[in-house]
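Visitor: from the sequence below, what's the structure:
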Amino acid sequence: MVKQEMSQTILRHFRRRSKCPICGEQIEEFDDVQQVKYRNGRCTMYSFFHTQCLVEFEFGVREVQKCQ
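Guide: Numbers count the residues shown, from 1 in each chain. You can find the predicted model right below:
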C-alpha cells in the first residue's frame, strides 16, 4: 500500500513509526509499504516496511541492519 491508500487510523500509527527497520531509511509518500501489527503484552505494536526490503531480505539479497 502507499500512503494515500492508508486509513486515518493506520496513518496515525505510521507517523510514529515511519522508518523501515530493515534498511533504516525513512518511508516516503510514494514508497510501497507493508504493515505488521503484533501484540506486546497489553500493547499492540505496528511496524512498517518497504515492500522491496522485505522481498530482498527474503531472497537473501539484503541483511538486517544491526543496531549500534
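
Visitor: what's opposite the most centrally placed residue in the chain in the beta bridge?
Guide: Geometric centre of the chain, nearest residue: F48, 1.5 Å, by C-alpha atoms, centre = their mean. Judged by DSSP bridges, the bridge partners of F48 are Q35.

Visitor: does it touch I27 like I think?
Guide: Yes - assessed by C-beta atoms under 8 Å, F48 is found in contact with I27 at 5.9 Å. Where you see a C-beta, it was placed from the backbone N, CA and C, and this is true even at glycine.

Visitor: what residues are shared contacts of these two?
Guide: F14, S18, C20, V33 (C-beta atoms under 8 Å, 6 or more residues apart in numbering).

Visitor: how far away is the closest residue to Q52 other than its chain neighbours from G41?
Guide: Among residues not flanking Q52 along the chain, D32 sits closest, at 7.1 Å (C-beta to C-beta, 6 or more residues apart in numbering). Taking C-beta to C-beta, to the nearest Å as the measure, D32 falls 31 Å from G41.
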